[in-house]
Every structure is written in structure tokens, then in C-alpha cells.
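Engineer: Sharing a sequence plus its predicted fold:
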Amino acid sequence: MEIVLNNLAKTYKTSHTSPEVHAVRDISLNIPSNGIFGIIGKSGAGKSTLVRLVSLLESPDSGTVLYDGQRVDNLTGNALIQRRRCIGMIFQNFNLFSSRTAGQNISYPLEICGTPKAEIDARVMELLEIVDLADRRNVPISTLSGGQKQRIAIARALANSPDILFCDEATSALDPQTTKSILNLIRKIQAQMNLTVVMITHQMEVVRDACSQVAVVHDGSVVEQGAVKDIFLHPKNEVTKEFLANLAPETDTVVSDRDSIVRWSDGGGKYVLRFTNRLTDEPVLSRMARKFDVEFNIRAGGIQELPASRIGTLITDISGKPEEVERAVAYLKAEGIIVEEA
Amino acid sequence: MDLHKIFMLVNEATLQTFEMVVFSTVFSLLLGLPLGILLCISDPQAGIKPRPVLYQVLTRIVNALRSFPFIILMILLFPLSRILVGTSIGTKATIVPLSIAAAPFVARIIESALSEVDSGVVQAARAMGSTTMQIILKVLIPESMPALIDGITLTIINLIGYSAMAGAIGGGGLGDLAIRYGYQRFRPEMMAIAVVVILIMVELIQWIGTRLSHRISANR
């Protein structure tokens, strides 16, 4: 389902004395059908309001929301309820019903539509299998881990076979590993069910790992949008650049993944070099190359800012005659660099 | 006065108190539950169907009724008892003012229990296309069940206290026994017995209520 937003605006007035808050000012977006669209913004940028407008939880002050060309922002009463039943939504805090078991949570959206009991049972089982939690059907929600809770929430969101899935900071409460597995699940489901997925997030990692297109929201407006690849290569807006700069650098945990992506040169050995403080500013590698008959090639690198110091990591090939390489490595070690053979 | 007589008196008074408390609990819930739900959902800030005017009107009525001293409310409601029960004295007649006095209290308790339900969960239910009725019956009430049970326990215990007061103006029950025999006829042992029976009733109700609500919470 294609979603089109035209000049959406929403203002909140919290009390008589406080000034009006322009949560969303004039946002127009075209969210293509059957893909994963990211909306990224800092807290307070207006993305939560935007998702509430797009998911028909609130109506805009002005502007329109169209689903497949059909206007939906002005729906009321029964039409609105029927329309919401074709939308799936997952949240940062999962928002599962604590009074229900995992299975009963998934059956809720089916119950409210009056689906027959036998049909509900079969569908719940099917959904539990999709999210890989078939053995957890009858357990209370409180016994599940964060990742499992989000999986149950995803199953619940998919119960009525929606054509749109909204993910409102769906991975923000999860650790990086669990985030990856949830994103993989969403990607898998998106491909299988021809869903239009809209991901609202403040994490560039989520956009990088899951989305094909992205819109950057700042201060209630879209400041940049396009294909994720283009935005990563040519970010134009300052906000976008800031998001990219804060993207978590590759850390040790992914080095092993890198092996399959990076082709190491045949002759050279691969080394992980770690620097601290002063050394992060010095051209130690080029000095090494001048001093010895070796060549180096940087595969990946990054600097981690710790409260009191900085640690630089470089994944490098050093090639040349074995004895020359050995001397070069010895030189690096003498300079205070920690060298590991990977 | 022999033991048998004392037993008969206490027995009769206990049954009367029991009758008053059971029926007024049921009727005050019948009145207060819908009122509490209405207060919760019509809340202009947090309600799922904000209705500022309705909320203000209901709030004023509830506050006014709650600030009335019970003994005065009872006297004012004698005519209503006469219409509904046919008499303004006796255990049955007392149930009317008891129920009406407790209803606003119940309404507030239900309102606060329901509004404690996580707003995110309610939002999720709304996003899934629940009707207001479905949110009330399938989300708000089940999610707040432990708090609701605690609230109802508190109501019953309050009603035991109110019913003792009602005894003073002809309602019968343990309060009546304590005042007529214990105070007016100088029989402190009757007063003591009445107080002990009330104490046991309150303890028992509290114990059952706490257990029930704990049991529900523990299975979540």
C-alpha cells in the first residue's frame, strides 16, 4: 500500500500559558508500496507525532493522508475502526497486555473483529511459528525477554494480515544483537507478505540495516530524503551528517563478519592495530612504510571515544618480504601500538 | 443476661450488618462502576473519549456527594428509602443511603484503578481498531484487575464502618448493638463483642481481597 502525506501539520497547546508546540509543520512524503521506509529524527523532532498522524491515531490540523490514493485522515467512527484493523503497529515499549498470555495477546486483534475461535487458534499458532516462539504460547508476558516481547508484538501486529506495518522506535529498547535479529525478522516478513513498513527511529544503524529509503525529520519538517545508499554517500543536510557521524563505528564483534566481506590480499598478513591517545594523531603507518620495504592497506577503522581517552582501531594488511614485515610489526609495537594478528 | 441471649443478639446483629454490607456493596458497585468508567474515559487529558463538559459535571457531583457527612446524607435520603423500600427504618431501608453514599467513593476508586493502565497499551489497542467498549471490557478492566479488587476490598471495609454508623439511626446491625446495649444500657462487654466481630469481619475481608489481587498479579 502506497502512503502519501500532503502538507501535514499538527500543533499542540499543552496549557493556556505555555506557547504552542509545532510538532509537525508542513510535511509531505511519498512512501512507496512494498518496501521499508525509514523516518529518522532526534527526540523532539516530531517523528512520534508524525507516526500518530500517519497511523490514524490522531488527525492533523491541516494536510491530508492518502493510502493508495484514498483519503484516510478524515475517517471517523466505524470507517476509522475498520481502517485501523488493516494497520499493524509495534512500539518501543512493546505495549503487550499483561493480563493475557503470549498467545492471547496475538489473538486480541482477531477477537475484536469477531473471528471464530477455531480460526483464531490456527492463526495464532501460525503467527507464533513465523516469529519463532511456538513453545511460548501459554506463558505470561512478564516471563519473556525484550526481544521475545517484541516478537510477540510483531505477531500481534500481523494477526489481521495488515498491508501496513508501523514500527515506532521498535528496537530502541533492545540491545544491538536483539535489534539485528528483530530487523532481520521485519525484513523477512516484509518480503514474504508484501508489506509497506514504516520505521520511525533515532538510530542510523536501523536505517542502514533495514531500510531502502529514508526521510530525515528535524524540527517538525523533512530536511532530507531519498534512497538510503544515496543519503549515506552524499548527505546534504547538517542533521543527516550528524546522524552519520554518530553511527556506531565497527567494533570487534563485527570483525569476524568482515572476513567474509573484505578480501584480504593474498600475500599480506592481516593485522588489527590498536592505538591510544597521542598515537591516534600520528602518522605511524606511513612512517613505517617509508622506513621498511612494506606496503599497507587499510581495510576498516574507527576511533572510539572513551571518557578519558581515545582508542583507535585499524584493520590492515601489511605485505612485503616476511622478514621485512616482521621488522615493521616490531617497529609498530615499539611505537606503542598493540598489534594482533587476525 | 445469659450467654444464650448475648449470642442471639450478636448473631442477629452480625447477620444484619452482613446483609447491609453485601447489598450496599452490590448496589454501590452497580452505581459506581459505570460512573467510574465514564469518569476515566471522559477525562479531558488522558481519557480515550475526552468529554470535558461531561467530565466536569460528573466530577462535581461525585465531589459533592463525597463531601457530605454520611449521617446527614442518610437523613436526607430517608424519603428515597420510603419510596424504594417502603420504610425509612430498619436494615433494608439503610441499604439505600449506604449504597448512594458509597457509590461516588467506588466511582473514584474505579477511575483511579482504570487510569493506572499503561497509556501505551491503550494506544496499542486503539491502533488495532478496538471500539471504546472493547477497550473498556477487554483492556482497561482486565489490565487493572488487581487494583480493582483492592479498591472493592477497601469499599467493603468502608461500608462495614458506614453500616455501624447507620445502626445509630435505626438501621440495626453491630453498630446498633454497640450503641443500644454497650453505651445506652452500660454494658461495655456488649460493646466489646460488637467491636471484636467488626474487627474480625474487616480482617477477613482484607485477607481475602489481598490474596485475590496478589494471586492475579503473580500469574502475570
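Structural biologist: Nice, thanks for sending it over.
Engineer: elements contacting the helix or strand hosting A:Lys188?
Structural biologist: Here A:Lys188 sits within helix A:176-193, counting by DSSP states H and E. Helix A:176-193 sits against strand A:36-40, helix A:146-158, strand A:164-168, strand A:196-201, helix A:204-210, with contacts defined as 3 or more C-beta pairs under 8 Å, 6 or more residues apart in numbering or on different chains; DSSP states H and E. All C-beta spots, glycine's among them, are computed from the backbone N, C-alpha and C.
Engineer: Okay, angle between that helix and strand A:164-168 too, please.
Structural biologist: Put simply, helix A:176-193 runs at 170 degrees to strand A:164-168, going by axes from the mean of the first three to the mean of the last three C-alpha atoms, to 10 degrees.
Engineer: Give the buried residues for helix A:176-193.
Structural biologist: Residues A:178-180, A:182-183, A:185-187, A:189-190, A:193 are the ones in helix A:176-193 that count as buried (16 or more other C-beta atoms under 10 Å in any protein chain shown).
Engineer: So B:Met20 sits against B:Leu98, correct?
Structural biologist: Yes - B:Met20 lies in contact with B:Leu98 (C-beta atoms under 8 Å); the separation is 6.1 Å.
Engineer: distance of B:Thr150 from chain A?
Structural biologist: One correction, residue B:150 is Asp, not Thr. Noted for B:Asp150: a distance of 15 Å to chain A, by C-beta to the nearest C-beta, to the nearest Å.
Engineer: Touching the helix holding A:Lys188 from outside, list them.
Structural biologist: Applying C-beta atoms under 8 Å, 6 or more residues apart in numbering or on different chains, the contact partners of helix A:176-193 are A:34-36, A:130-132, A:145-147, A:150-151, A:154, A:158, A:161, A:165, A:167, A:170-171, A:174, A:195, A:197, A:199, A:203, A:205-206, A:209-210, A:248.
Engineer: Mind jotting down where the strands sit in chain B?
Structural biologist: Counting by DSSP state E, one finds no strands in chain B.
Engineer: For residue 46, which non-adjacent residue is closest in space?
Structural biologist: In the absence of a named chain, this looks at chain A. With C-beta to C-beta, 6 or more residues apart in numbering or on different chains as the measure, A:Gly220 is the residue that lies nearest to A:Gly46, at 4.1 Å, once sequence neighbours are left out.
Engineer: Switch to chain B, please.
Structural biologist: Counting by C-beta to C-beta, 6+ apart, B:Ser115 is the residue found nearest to B:Ala46 once chain neighbours are left out, at 6.1 Å.
Engineer: Let me see the contact set for that neighbour.
Structural biologist: B:40, B:43, B:46.
Engineer: Can you report phi and psi for A:His202?
Structural biologist: A:His202 has phi and psi values of phi -120, psi 10 when expressed as degrees, to the nearest 10.
Engineer: So it versus A:Glu323, what's the distance?
Structural biologist: To A:Glu323, A:His202 is 51 Å away according to C-beta to C-beta, to the nearest Å.
Engineer: between the two, who's got more neighbours?
Structural biologist: Between A:His202 and A:Glu323, counted using other C-beta atoms under 10 Å in any protein chain shown, the more crowded position is A:His202 (16 against 10).
Engineer: Test my guess that that one contacts A:Asp168.
Structural biologist: No - with contact defined as C-beta under 8 Å, A:His202 and A:Asp168 do not form a contacting pair (11.2 Å).
Engineer: Any buried residues in stretch B:122-133, and which?
Structural biologist: By neighbour count with 16+ other C-beta under 10 Å, stretch B:122-133 contains the buried residues B:122-130.
Engineer: Please disregard the earlier target; I meant stretch A:123-132.
Structural biologist: For stretch A:123-132, the neighbour count (16+ other C-beta under 10 Å) marks A:123-124, A:127-128, A:130-131 as buried.
Engineer: again, but for stretch A:160-176
Structural biologist: Buried positions in stretch A:160-176, judged by neighbour count with 16+ other C-beta under 10 Å: A:160, A:162-174.
Engineer: What's the mean pLDDT across it?
Structural biologist: Per-region confidence: stretch A:160-176 scores 91 on mean pLDDT.
Engineer: does A:Asn30 sit in a helix, a strand or a coil?
Structural biologist: Assigned with DSSP: H, G, I helix; E, B strand; the rest coil, A:Asn30 falls in the strand class.
Engineer: Ignoring the adjacent residues along the chain, who's closest to it?
Structural biologist: Distances taken as C-beta to C-beta, 6+ apart place A:Val4 nearest to A:Asn30, at 5.5 Å, with adjacent residues excluded.
Engineer: neighbours around the one you found, how many?
Structural biologist: Neighbourhood size, A:Val4 [other C-beta under 10 Å]: 17.
Engineer: how about it, secondary structure?
Structural biologist: strand.
Engineer: isn't it right next to A:Ser33, touching?
Structural biologist: No - using C-beta under 8 Å, A:Val4 is not in contact with A:Ser33; the gap is 10.6 Å.
Engineer: before we move on, back to that, the residue nearest to A:Gly46: neighbour count?
Structural biologist: 23.
Engineer: same question, B:Arg215
Structural biologist: As a burial measure, B:Arg215 scores 11 neighbours (other C-beta under 10 Å).
Engineer: if I look at it, how far off is A:Cys167?
Structural biologist: B:Arg215 is 36 Å from A:Cys167, by C-beta to C-beta.
Engineer: A:Pro116 now?
Structural biologist: For A:Pro116 relative to A:Cys167 (C-beta to C-beta), the value is 30 Å.
Engineer: Now A:Tyr331: closest residue in space that isn't a chain neighbour?
Structural biologist: Closest to A:Tyr331 by C-beta to C-beta, 6+ apart is A:Met288, at 5.7 Å.
Engineer: Ok, B:Ala168 next?
Structural biologist: Closest residue to B:Ala168 apart from its sequence neighbours, by C-beta to C-beta, 6+ apart: B:Ile179 at 5.5 Å.
Engineer: was I right about that neighbour contacting B:Ile169?
Structural biologist: No - applying C-beta under 8 Å, one finds B:Ile179 not in contact with B:Ile169, separated by 10.0 Å.
Engineer: Below-threshold pLDDT in chain B: ranges please.
Structural biologist: In the predicted model, chain B carries pLDDT under 70 at residues B:1.
Engineer: Tell me who's in contact with the spatially most central residue of it.
Structural biologist: The centroid of chain B falls nearest to B:Thr155 when counting by C-alpha atoms, centre = their mean (3.6 Å). Contact analysis of B:Thr155 by C-beta under 8 Å, 6+ apart lists B:25, B:28-29, B:32, B:102, B:105-106, B:109.
Engineer: swap the cut-off to 10 Å and go again
Structural biologist: B:Thr155 sits next to B:21, B:24-25, B:28-29, B:32, B:102-103, B:105-106, B:109-110, B:205, B:209 when contact means C-beta atoms under 10 Å, 6 or more residues apart in numbering or on different chains.
Engineer: What is the neighbour count of the nearest residue in space to A:Ile3 that is not next to it in sequence?
Structural biologist: Distances taken as C-beta to C-beta, 6+ apart put A:Ile31 closest to A:Ile3, at 4.0 Å, once the chain neighbours are dropped. Using other C-beta under 10 Å, A:Ile31 has 20 other residues around it.
Engineer: thinking again about what came up before, columns distance to chain B on top of the helices and strands packed on helix A:176-193, output as TSV?
Structural biologist: Output for those, formatted as TSV (distance: least, C-beta to the nearest C-beta, whole Å):
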stretch	distance to chain B
strand A:36-40	17
helix A:146-158	8
strand A:164-168	8
strand A:196-201	13
helix A:204-210	20
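Engineer: packing partners for the longest helix along chain B?
Structural biologist: For chain B, the helix that runs over the most residues, judged by DSSP state H, is helix B:3-42. Here helix B:3-42 touches helix B:52-67, helix B:91-115, helix B:145-166, helix B:173-177, helix B:188-218, going by 3 or more C-beta pairs under 10 Å, 6 or more residues apart in numbering or on different chains; DSSP states H and E.
Engineer: Kindly recompute the last result at 6 Å.
Structural biologist: Here helix B:3-42 touches helix B:52-67, helix B:91-115, helix B:145-166, helix B:173-177, going by 3 or more C-beta pairs under 6 Å, 6 or more residues apart in numbering or on different chains; DSSP states H and E.
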